[in-house]
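structural data only, the sequence is not supplied:
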């Protein structure tokens with residue numbers, strides 16, 4: 001097969017779409033619900049995340065008994081439901097609606113008995129969308145911390161360790177509030193390693209981190225805290241529920257979609273296009289631009305030497321990279337376009353290599369695109385259009401680079417989220 005630009009783009013988009021489809025709640029949630037024993041008492045549904053509304057709608061269609069409850073999702077991610085209230089709030093920086101949603105979710109699980117069942121529908125984005133400050137803190141305090149974290153380069157695990165210690169609902173506190181009811185959490189993972197304590201800051205699972213860990217993260221990244229937050233961390237008052245806490249003894253946690261599952265679906269799609277897939281990992285982390293440089297080296301090795309895979313092949317990876325902005329004034333872009341800009345610059349127009357990268361929720365950072373596509377002539381087309389790709393990348397303006405080239409990948413909100421998917425296609429010479 002001769003790999004034309006059109007054929008390579010089509011194959012990459014099919015691979016990306018297959019990864020997203022593998023995490024669709026309409027596919028994965030009914031199977032999980034079928035294994036849950038119905039309670040003698042009430043069934044209360046709560047949830048938070050970019051998939052929460054769609055998960056709630058699917059649950060209503062699949063559950064054979066009465067349900068009630070409340071979930072919160074990102075703006076423009078709501079879907080119709082009959083019995084479960086769907087709220088919307090801001091992401092990635094929480095707003096007053098995030099606080100209201102968290103309070104309503106806690107109220108929904110209060111006063112339950114051992115005969116009752118709580119089904120918690122948790123997905124990526126839940127940490128910001130369900131944000132109730134700990135006593136003595138305000139929403140403005142948490143917003144300031146979130147902005148600082150997003151600019152710091154901290155990993156998602158580090159961000160959530162700090163967030164849990166500023167919260168009245170995260171880090172197992174939601175499950176503790178529901179005790180003695182049975183709590184069944186069904187989660188879609190958007191974090192490297194699929195750690196239940198990190199997904200949406202683990203509202204229904206024990207928290208292994210401590211106030212000391214939170215203080216260490218602040219010191220590591222030199223984060224300037226609001227006065228009330230600094231005092232709260234220094235006081236190190238009521239800790240989050242830890243492993244062995246009796247209030248969480250009746251709580252279970254099940255992953256229904258993960259980055260690994262998405263990558264396996266992507267690999268299957270690659271084979272249908274005559275490409276040998278190689279999954280490099282589902283939990284890759286690091287600076288986006290640096291990851292692009294590293295992946296360019298691996299792709300070049302495959303093209304020149306057939307190592308670690310022989311063309312025609314596709315290198316697949318997942319995880320969550322970071323973009324450290326610091327005190328710079330950024331342009332437009334997110335993790336995936338920053339990765340792709342770094343990849344294109346490092347490849348320097350190497351023939352026969354195309355790539356796609358995108359966030360499976362359909363939103364790269366805060367933009368209206370999931371990600372973008374890199375082609376062998378990305379740099380030459382950019383320069384012909386009067387653009388300086390290196391300057392745009394350095395100015396955190398990767399979105400503008402790919403928008404000008406017409407190479408953005410726009411899906412709209414997918415209503416799921418299993419983190420970023422990257423695919424690099426290497427054609428034979």
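Thanks, I have it. Being a predicted model, the structure only gives us computed values, none of them experimental.

residues in contact with the strand or helix carrying residue 228?
Secondary structure assignment for residue 228, by DSSP states H and E: helix 227-235. Helix 227-235 is touched from outside by 134, 136-138, 141-142, 144-145, 165-166, 211, 214-215, 218, 225, with contacts defined as CB atoms under 8 Å, 6 or more residues apart in numbering. Yep, even glycine has a C-beta here, placed from its N, CA and C like the rest.

what's the next secondary structure element after that helix?
Assigned by DSSP H and E, the successor of helix 227-235 is strand 251-257.

direction included, what does that next one pair against?
strand 182-188 (parallel) (DSSP bridges).

I would like the residues contacting the partner strand, please.
Outside strand 182-188, the residues within contact range by CB under 8 Å, 6+ apart are 23, 25, 28-29, 32-33, 36, 39, 49, 51, 55, 114, 116-124, 175, 196, 199-200, 204-205, 248, 250-258, 416-418.

pull the number of nearby residues for residue 242.
Around residue 242 there are 14 other residues, counting by other CB atoms under 10 Å.

surely it touches residue 206?
Yes - the pair formed by residue 242 and residue 206 meets the contact definition of CB atoms under 8 Å, at 5.5 Å.

can you work out which residues contact both of those two?
With CB under 8 Å, 6+ apart as the test, residue 242 and residue 206 both reach residue 172.

longest single strand anywhere in this protein?
As far as residue count goes, and with DSSP state E defining each element, the longest strand of the chain is strand 276-284.

that one pairs with which strands?
With DSSP bridges as the test, strand 276-284 is paired with strand 313-319 (parallel).

give me the contacts around the partner strand.
By CB under 8 Å, 6+ apart, the list of residues contacting strand 313-319 reads 11-12, 15, 192, 259-260, 262-263, 266-267, 270, 275-285, 295, 298-299, 302, 309, 418-426.

avg pLDDT for it?
On average, the pLDDT along strand 313-319 is 97.

repeat for stretch 265-284
The pLDDT scores in stretch 265-284 average 98.

again with stretch 84-103
What stretch 84-103 shows for mean pLDDT is 95.

look up how far residue 128 lies from the spatially closest residue to residue 284 that is not a sequence neighbour.
For residue 284, ignoring the flanking residues on the chain, the nearest one in space by CB to CB, 6 or more residues apart in numbering is residue 319 at 3.7 Å. When distance is defined by CB to CB, to the nearest Å, residue 319 is 20 Å away from residue 128.

which residue of the two possesses the greater neighbour count?
Just comparing residue 319 and residue 128: by other CB under 10 Å the higher neighbour count belongs to residue 128, 27 against 22.

I'd like the next helix or strand past whichever helix or strand that one is part of.
Residue 128 is part of helix 126-129, with elements assigned from DSSP H and E. Reading on from helix 126-129 to the C-terminus, the next helix or strand found by DSSP H and E is helix 139-152.

tell me what that next one is packed against?
Judged by 3 or more CB pairs under 8 Å, 6 or more residues apart in numbering; DSSP states H and E, the packing partners of helix 139-152 are helix 96-108, helix 156-164, helix 227-235.

for that helix, which outside residues touch it?
Applying CB under 8 Å, 6+ apart, the set of residues contacting helix 139-152 from outside is 92-96, 98-99, 128, 131, 133, 158-159, 162-163, 166-167, 221-226, 228-229, 324-326.

ok, now which ones touch the most centrally placed residue in the chain?
The central residue of the chain, meaning the one whose C-alpha is nearest the mean C-alpha position (CA atoms, centre = their mean), is residue 190 at 3.7 Å. Residues near residue 190 by CB under 8 Å, 6+ apart: 123-125, 156, 199, 259, 320, 360-361, 417-419.

tell me which of those residues fall in helices.
Among the contacts of residue 190, DSSP state H puts 156, 259 in helices.

point out the least confident one among the contacts of residue 190.
residue 156 (84).

tell me who's in contact with that one.
Residue 156 touches 190-192, 198, 320, counting by CB under 8 Å, 6+ apart.

so it versus residue 193, what's the distance?
For residue 156, the distance to residue 193 equals 10 Å [CB to CB].

pLDDT value on residue 232, please?
As summarised for this prediction, residue 232 has a pLDDT of 97.

next: residue 331.
On the pLDDT scale, residue 331 is placed at 87.

and it, helix, strand or coil?
Residue 331 falls in the coil class when you classify it by DSSP: H, G, I helix; E, B strand; the rest coil.

doesn't residue 400 make contact with it?
Yes - taking contact to mean CB under 8 Å, the distance of 5.8 Å between residue 331 and residue 400 places them in contact.

which neighbours do the two share?
Applying CB under 8 Å, 6+ apart, one finds that residue 331 and residue 400 are jointly contacted by residue 392.

break this protein down into its domains, please.
Using automatic domain parsing, the domain parsing of the chain gives 5-21+260-426, 25-257.

now do the buried residues in stretch 364-384.
Buried residues in stretch 364-384, counted by 16 or more other CB atoms under 10 Å: 364-365, 367, 369-376, 378-379, 381-382.

sorry, that was for stretch 187-207
187-192, 194-207.

swap in stretch 394-409?
Going by 16+ other CB under 10 Å, stretch 394-409 has these buried residues: 395-403, 405, 407-409.

so which of those belong to strands?
Among the buried residues of stretch 394-409, DSSP E puts 408-409 in strands.

closest one of the buried residues of stretch 394-409 to residue 352?
Using CB to CB, residue 407 is the member of those that lies nearest residue 352, at 17.4 Å.

quick check on the closest one: phi, psi?
Backbone torsions of residue 407, given as degrees, to the nearest 10, read phi -110, psi 10.
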